[in-house]
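> Dropping a prediction and its sequence here:
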Amino acid sequence: MEIIFDDIGSYPLHEGQRERVHQAFADGRYGDPGVTEAIRDCMRQKIAAGLDVPTYPQFQDMNQQFLRIINDPACGEAPFLVKEESAEIIELSAIEPVAREYLEETGERLRIRVCVTGAVELYLKQFGSAAYPDILDLCARSVDRFVAKALSTKSSFDVAVISIDEPSIGINPEIMFSDDEIIHALDLSAKSSNVDIQIHLHSPIHYTLACESDSINVVGVESAANPDYLELIDKADLERYDMFLRVGVARTDIFGMTALLNEKYQTNVWKETSRLGEIVTAMETPEVIAKRLRHAYDRFGALIRYAGPDCGLGAWEYPDLAQGLLKNAGDGITSFKESL
């Protein structure tokens, strides 16, 4: 069976890289050699961890990455509508040398996942609870242009899946749009795509909005830290709308996990870091991850198309620890598939 191992995107930087990269982004120096090398280094780590479709490394703020372009008069066709030629994700050009290395070493083109912040999320950052459906639609059309630009990139890699990141849907009470308005925005957000379109949600309580969208065909569920979330998904809905699932099988809530270690050892593991490794050696092991995937598969079977960590790993502080989690997730998914 085909269950594709992917990740959400964000990833920790080495201590020496962190300040330089964040300062470069703050100063608008997006082509800084330090930024470019950090992106490439991270992508190599993800590939080495065994991801089937790694997401381009995300070090920028998920909203400002796109709003800085949408709000730039030089990049706009109209207010909140980015020009097609300006809808660029700089990380995609940065990883091109890594993709060429991969092609030379394996003889295969690297398949990647592209994450674009969704229209509802971008709108909330700009306007909060005020509801202007026409502006939401413009934001959605801008999202679609970032999607289309990514898919048309001439490169050594293939964009295999697009993720629309909408963490506020289902958890943010400031959303004042009707269900129909949100569905319409989702329709507009990836109408140019001919690949799988995931929606990344932090809560699946309103997952049927994605089901009713013509653009989305994969619903992401953060089910490793919240196994009860799977109970909110009706298999009949997925079948009726021809939808698939991306299930989270490895926890990424690093502060929740370190709190357990702090309680266990009566210490602060962020200061006494020798205990941090237990997250990947004793807590999020391949066996635990395979067991979670088995639980999800028993409920949804072949409707599961993607599996991986719940969310991004940017808060994990140490790249080696994050890579260890990715490696365990891949081993657990492989072990489960071999058991079928």
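Nice, thanks for sending it over.
> C-alpha from now on. contacts and neighbour counts both.
Fine.
> where's Leu340 relative to Pro286, distance?
Distance of Leu340 to Pro286, computed by C-alpha to C-alpha, to the nearest Å: 16 Å.
> So for the two, which residue has more residues nearby?
Pro286 (26 against 7; other C-alpha atoms under 10 Å).
> Quick check: the gap between the more buried one and Val280.
9 Å.
> Now list whatever residues contact both of these two.
Taking C-alpha atoms under 8 Å, 6 or more residues apart in numbering as the contact rule, Pro286 and Val280 both touch Asn328.
> Let me see the backbone angles for the residue lying farthest from the centre of the chain.
Most distant residue from the mean C-alpha position of the chain: Gln266, 33.6 Å away (C-alpha atoms, centre = their mean). With angles defined as degrees, to the nearest 10, Gln266 sits at phi 50, psi 50.
> Got the confidence number for it?
On pLDDT, Gln266 comes in at 96.
> One more: Lys154?
Value listed for Lys154 in the pLDDT field: 87.
> Pull the contacting residues for it.
Listed by C-alpha under 8 Å, 6+ apart, Lys154 has no contact partners.
> Likewise for the one 3 residues further on?
Shown here is Phe157, whose contacts under the criterion C-alpha under 8 Å, 6+ apart are Glu96, Ala99, Arg100, Arg109, Leu110, Arg111, Ile112.
> Identify the residues contacting the nearest residue to it once chain neighbours are set aside.
Spatially, and ignoring its direct neighbours in sequence, Phe157 is nearest to Leu110 (4.7 Å; C-alpha to C-alpha, 6 or more residues apart in numbering). By C-alpha under 8 Å, 6+ apart, Leu110 lies in contact with Val53, Ala99, Tyr102, Leu103, Ser156, Phe157, Asp158.
> The lowest-mean-pLDDT helix or strand in the chain - contacts with which helices or strands?
Using mean pLDDT, DSSP states H and E, helix 15-26 stands out as the lowest-scoring helix or strand of the chain, at a mean of 90. Judged by 3 or more C-alpha pairs under 8 Å, 6 or more residues apart in numbering; DSSP states H and E, the packing partners of helix 15-26 are helix 33-48.
> For the helix it packs on, which outside residues touch it?
With contact meaning C-alpha under 8 Å, 6+ apart, helix 33-48 is reached by 11, 13, 17, 20-21, 24, 54, 56-57, 91, 94-95, 97-98, 323, 326.
> what angle separates the least confident helix or strand of the chain from helix 33-48?
For helix 15-26 against helix 33-48, the angle by axes from the mean of the first three to the mean of the last three C-alpha atoms, to 10 degrees is 120 degrees.
> buried stuff in helix 15-26?
For helix 15-26, the neighbour count (16 or more other C-alpha atoms under 10 Å) marks Arg18, Val21, His22, Ala24, Phe25 as buried.
> how close does the residue farthest from the centre of the chain sit to Ala130?
From Gln266 to Ala130 the distance is 46 Å (C-alpha to C-alpha).
> Now list the buried members of the contacts of helix 33-48.
Applying 16+ other C-alpha under 10 Å to the contacts of helix 33-48, the neighbour count classes 11, 13, 21, 24, 54, 56-57, 91, 94-95, 98, 323, 326 as buried.
> can you pull out the strands in the protein?
Under the criterion DSSP state E, the chain contains strands at 4-5, 76-78, 81-82, 110-117, 157-165, 196-200, 218-221, 244-250, 304-309.
> Now render these as TSV, adding mean pLDDT.
Shown next, in TSV, are the strands of the chain (pLDDT from 0 to 100):
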stretch	mean pLDDT
strand 4-5	98
strand 76-78	96
strand 81-82	98
strand 110-117	98
strand 157-165	97
strand 196-200	97
strand 218-221	98
strand 244-250	98
strand 304-309	98
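> Among those strands, which comes closest to Ala315?
Nearest of these to Ala315, taken as C-alpha to C-alpha: strand 304-309 at 13.4 Å.
> And the residue nearest to Phe157, how far from Ala150?
Computed as C-alpha to C-alpha, the Leu110 to Ala150 distance reads 14 Å.
> same question, Ala48
When C-alpha to C-alpha is the yardstick, Ala48 and Ala150 sit 23 Å from each other.
> which of those two has more neighbours?
The neighbour comparison of Ala48 against Ala150 (other C-alpha under 10 Å) goes to Ala150, with 23 against 12.
> That'll do, ta.
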